[in-house]
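Participant: Output the structure for:
(2 chains)
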Protein chains: 2
Amino acid sequence: MSETLSPHPVVAKLEAVLPKAAFRDMSPGYFEEPRGKYHGRAVTVVAPGNVHEVAETVRVARQLGVGIVPYGGGTGLVGGQVMPDGGPPILLSLERMSRIRAVHPAEGVLICDAGAILQTIQEAAAAHGLLFPLALASQGSCRIGGNLATNAGGVNVLRYGNARDLCLGLEAVLPDGTIWNGLKRLRKDNTGYDLRNLLIGSEGTLGVITGASLRLFPRPTSDAAAFVALESPAAALDLLVQARSELGEGISAFELVARQSFDFLAETMPEVRQPFACAPNWAVLIDIGLHGAHDAAHAMEVFLERAFDAGLITDGVIAANEAQRAAFWSVRESIPDANRRIGSIASHDVSLPLEVLPDFITRAQAAVASLGPLRVNCFGHLGDGNLHFNAFPPSGESRDAYKAMAPQVTRAVHDLVNDMDGSVSAEHGIGRLKVTDLERYGDPAKLAAMRSIKGALDPDGIMNPGAVLRG
Amino acid sequence: MSETLSPHPVVAKLEAVLPKAAFRDMSPGYFEEPRGKYHGRAVTVVAPGNVHEVAETVRVARQLGVGIVPYGGGTGLVGGQVMPDGGPPILLSLERMSRIRAVHPAEGVLICDAGAILQTIQEAAAAHGLLFPLALASQGSCRIGGNLATNAGGVNVLRYGNARDLCLGLEAVLPDGTIWNGLKRLRKDNTGYDLRNLLIGSEGTLGVITGASLRLFPRPTSDAAAFVALESPAAALDLLVQARSELGEGISAFELVARQSFDFLAETMPEVRQPFACAPNWAVLIDIGLHGAHDAAHAMEVFLERAFDAGLITDGVIAANEAQRAAFWSVRESIPDANRRIGSIASHDVSLPLEVLPDFITRAQAAVASLGPLRVNCFGHLGDGNLHFNAFPPSGESRDAYKAMAPQVTRAVHDLVNDMDGSVSAEHGIGRLKVTDLERYGDPAKLAAMRSIKGALDPDGIMNPGAVLRG
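Facilitator: Sure, this is the predicted structure:
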């Protein structure tokens, strides 16, 4: 890049305040994102070693009016971590701040740098016999700062909540370069505005998260998983209500899988062992975890027998051991991969009020069908009302021939979501991909308040310019 | 009041936009608060009948530069609902907006006006076999808008979270008079900044909450309560760790009671039946609720036997039936009343990291003892690290003789809390009582950010002037 040949004045300023180790090569990986929709740029890539170096970087950026793009694991799906337009920013990577700072097992609290890899945090909790329940497909490479900045979801939200629900406190550098030390280990703290939740989900536009205090949970002592076959999403919803009433907080996950998912898996990943000899129209993967002397497999059996007798499910398989449970999960977790191999035309991360979710699926499928002979794969976190609703070309046909339909498909799906009081971004965030959607569907009073807050905290607009709000 | 004799110009303006029914008598109740520390004033008291009338009121206030004090049930303990200084405000009561708007049992969602009484919401949930878990001593008169504006806590936080954790969405009038319709029923919605959590806990300084979408839970099918005697808070903490590990989310409450609480109860409320023939140094009230076929009383028995064998508890009584369980709770809930009858010199609502909580109790007791021969009653929500730590005159002596020591006592307790990384307001909020504490102990970067946000959303400073932040 030309910027490396004739260094931007910002580089000299940064060299004066940061150690040599903080400067990184401009590797292409920093400027790509998983779906290849955006290609970023930067004047330089820095990876500060501590919060003070982050603060120095922010101060330099502010002084020179240069943007900062905070960068975690680079796994975000809405382009929040790459900036393709406007003056090239400083890319600020948290990769060198990846320590677990402390674990307080008796409190169920872990404190770490924002650059800690999610899986490292899970393992540090497990080493104390505890659970950090945030679990995502990208957990081997995503970083907790990014998880928090985007309020990540995943498969355990039903039981343990989103990333924001798992966070007790933050350390962050605000856009004026001051350090907020909010690394509390408290369950209750009503001292002023909720700056923590304001930063969580703001996608790096209100500051750089540099550390987090996280909640750990006792690990359930007995787990069980089952795949059940059902006739319809409505039956799945009835089953969920039944499960909540019988098992309470014991349900860890309740994932909907469409027949199309099984078909895509069979086509692209035949090595993944399918739970049913003959793929059902709809399936649900249920995972439960109980404490104390309770036997989860027995509880699952009793629950499913009753559901079968009530006509809610047509078939079901309970994992006989931990290996089989892992195999069930590998089916669920391979779906995004299978989708990628088929190649989607348009994908959507939406949530709906649970009551209208079955009706939404019917209407959204009809809306897509009216646009062309597309295939739909609809799967996701039913327990949270969160569906991934993705459209694909007809069997045997190429994606390119249909790619031009993407905007129409997305518009039809998102309009319907909006009409049915849902959200066009359930867990992935706004990033740069959904700025227009937010403007179209967002509540005007909320949008105005967001702009006021952004203007107040970041008057020069240096923090992740163009993400969430148009610059 | 003189204002009623020669009406303030704001009254004529309000009469032009609000129906007659919205104007209330200036009853003294609106200007008092439970502890009698503040006496409020107002130019007029209005009780709008819907969100549009609230918006009209806010617009008039803004136009004329008059403050607005939002008023729920008037039960707050930090003076957030009464404004003693500055130009008299409009007191805006939510009492006429008290409807349950809708219940969605399959979703576990209830939508109501902000003026709905907490107990009414609990009952509406119960009518569908569901639980709204927010539970406070004042539940018969406090209103959900106030609970949310102050992020109320109570006895079930350990299991279900604070008021903010029970809220899916808000409807509110922002300081510019616009209506934000954020009454979502979604578990996941990552579309922009978290305005909901910013308003929750902002104590009416950033807008008026007019409606809420709340989470309901399946009711546990089997409950059990026990009072156990222990030697020390450290033993209580060990018992908590044990309980979390054995019972997981099944623990609904874990309340610490000091011997002083039992003594005060015996002295002032002999009609309250005590659980122990001889009051122990420390006790814990444990409540568990299980789902499905599990027997909570049996689980409690097994748990306590093991705790007894491990030397964690010295005695224990399990409630044999629902009446006895209610009797146990009435002991816990009568403590604040007994405290009032004795008459505290200074009371504190603090939270500490769990690990240091036993040490805090020892040190705080010593700090108070060093100031004079005061009695301390320390009790509260141990599971949340939240203690009510209150100081009383020596037995037989009058409160007035010691009242002058209050600032010293509070300063000693709060300094210690701050040194030990705790919070000087765990669940009651800042209101007007703790503005100075917030300035003293609050993180400077957070305070600056709070002031920026307040200035951006409420540039004329009309929303609850003087609460949380100095006007």
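Participant: and A:K403, what are its phi and psi?
Facilitator: phi -60, psi -30 (degrees, to the nearest 10).
Participant: How about A:D295?
Facilitator: According to degrees, to the nearest 10, A:D295 has phi -100, psi 110.
Participant: burial measure for the residue nearest to it when sequence neighbours are not counted, as a count.
Facilitator: Nearest residue to A:D295, sequence neighbours excluded (CB to CB, 6 or more residues apart in numbering or on different chains): A:S222, at 5.6 Å. (Each C-beta comes from the backbone N, C-alpha and C, glycine too.) By the criterion of other CB atoms under 10 Å in any protein chain shown, A:S222 has 18 neighbours.
Participant: quick one: pLDDT of A:S222?
Facilitator: We have a pLDDT of 94 for A:S222.
Participant: who does it bridge with?
Facilitator: Per DSSP bridges, the residues bridged to A:S222 are A:L290.
Participant: ok, now which ones touch it?
Facilitator: The contact partners of A:S222, by CB atoms under 8 Å, 6 or more residues apart in numbering or on different chains, come to A:G289, A:L290, A:H291, A:H294, A:D295, A:A296, A:A297.
Participant: Among those residues, which pair sits farthest apart?
Facilitator: A:H291 and A:A297 (14.6 Å; CB to CB).
Participant: now the strands: where do they sit in the stretch 301-450 of chain A?
Facilitator: A:315-318, A:349-351, A:375-381, A:386-392 (DSSP state E, counting those that start in this stretch).
Participant: Point out the most buried one among those strands.
Facilitator: strand A:349-351 (a mean of 28; mean count of other CB atoms under 10 Å in any protein chain shown).
Participant: any idea of the mean pLDDT for that strand?
Facilitator: Strand A:349-351 comes out at a mean pLDDT of 97.
Participant: how about CSV for the strands of the stretch 301-450 of chain A, with distance to B:L469 added?
Facilitator: Listed next are those as CSV, based on distance: least, CB to CB, whole Å:
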stretch, distance to B:L469
strand A:315-318, 56
strand A:349-351, 35
strand A:375-381, 39
strand A:386-392, 37
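Participant: Number of residues surrounding A:F31?
Facilitator: 22.
Participant: OK, contacts around the closest residue to it other than its chain neighbours?
Facilitator: Distances taken as CB to CB, 6+ apart put A:G40 closest to A:F31, at 4.0 Å, once the chain neighbours are dropped. A:G40 is in contact with A:Y30, A:F31, A:E32, A:E33, A:V69, A:Q81, A:V82, A:M83, A:P84, A:L91, counting by CB under 8 Å, 6+ apart.
Participant: quick one on the thing from earlier: quickly name whichever of the contacts of A:S222 is closest to chain B.
Facilitator: Using CB to the nearest CB, A:H291 comes nearest to chain B of the contacts of A:S222, at 3.3 Å.
Participant: residues in contact with the nearest residue to A:G422 once chain neighbours are set aside?
Facilitator: Leaving aside its sequence neighbours, A:G422 sits nearest to A:L352 (CB to CB, 6+ apart; 4.0 Å). Contacts for A:L352 (CB under 8 Å, 6+ apart) come out as A:F360, A:G385, A:L387, A:V417, A:M420, A:D421, A:G422, B:L186.
Participant: And the helix or strand where A:V11 lies, what's buried?
Facilitator: Taking DSSP states H and E as the criterion, A:V11 maps to helix A:9-17. By neighbour count on 16 or more other CB atoms under 10 Å in any protein chain shown, the buried set for helix A:9-17 is A:V10, A:V11, A:K13, A:L14, A:E15.
Participant: Kindly format the C-alpha coordinates of it as PDB.
Facilitator: Taking C-alpha atoms only, helix A:9-17 is exported to PDB below (Å, rounded to 0.1, in the frame of the first residue of the first chain):
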ATOM      1  CA  PRO A   9       2.200  11.900   9.800                       C
ATOM      2  CA  VAL A  10       0.100   9.800  12.200                       C
ATOM      3  CA  VAL A  11       2.800   7.100  12.000                       C
ATOM      4  CA  ALA A  12       5.600   9.400  13.300                       C
ATOM      5  CA  LYS A  13       3.300  10.600  16.100                       C
ATOM      6  CA  LEU A  14       2.500   7.000  17.100                       C
ATOM      7  CA  GLU A  15       6.200   6.000  16.900                       C
ATOM      8  CA  ALA A  16       6.800   8.700  19.500                       C
ATOM      9  CA  VAL A  17       4.400   7.200  22.000                       C
END
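Participant: Return the distance of it from the chain's centre.
Facilitator: Distance, stretch centre to chain centre, for helix A:9-17: 34 Å (CA atoms, centre = their mean, to the nearest Å).
Participant: So which of A:H291 and A:A297 has more stuff around it?
Facilitator: Neighbours per residue (other CB under 10 Å) separate A:H291 from A:A297, with A:H291 holding more: 24 against 19.
Participant: Quickly note the distance from that one to A:G248.
Facilitator: 11 Å (CB to CB, to the nearest Å).
Participant: Then A:G207?
Facilitator: With CB to CB as the criterion, A:G207 and A:G248 are 37 Å apart.
Participant: between these two, who's got more neighbours?
Facilitator: Neighbour totals were compared for A:G207 and A:G248, and A:G207 leads with 31 against 23 (other CB under 10 Å).
Participant: check contacts around that one.
Facilitator: A:A172, A:V173, A:L174, A:P175, A:W180, A:L199, A:L457, A:M463.
Participant: A:A235 now?
Facilitator: A:W282, A:L312, A:I313.
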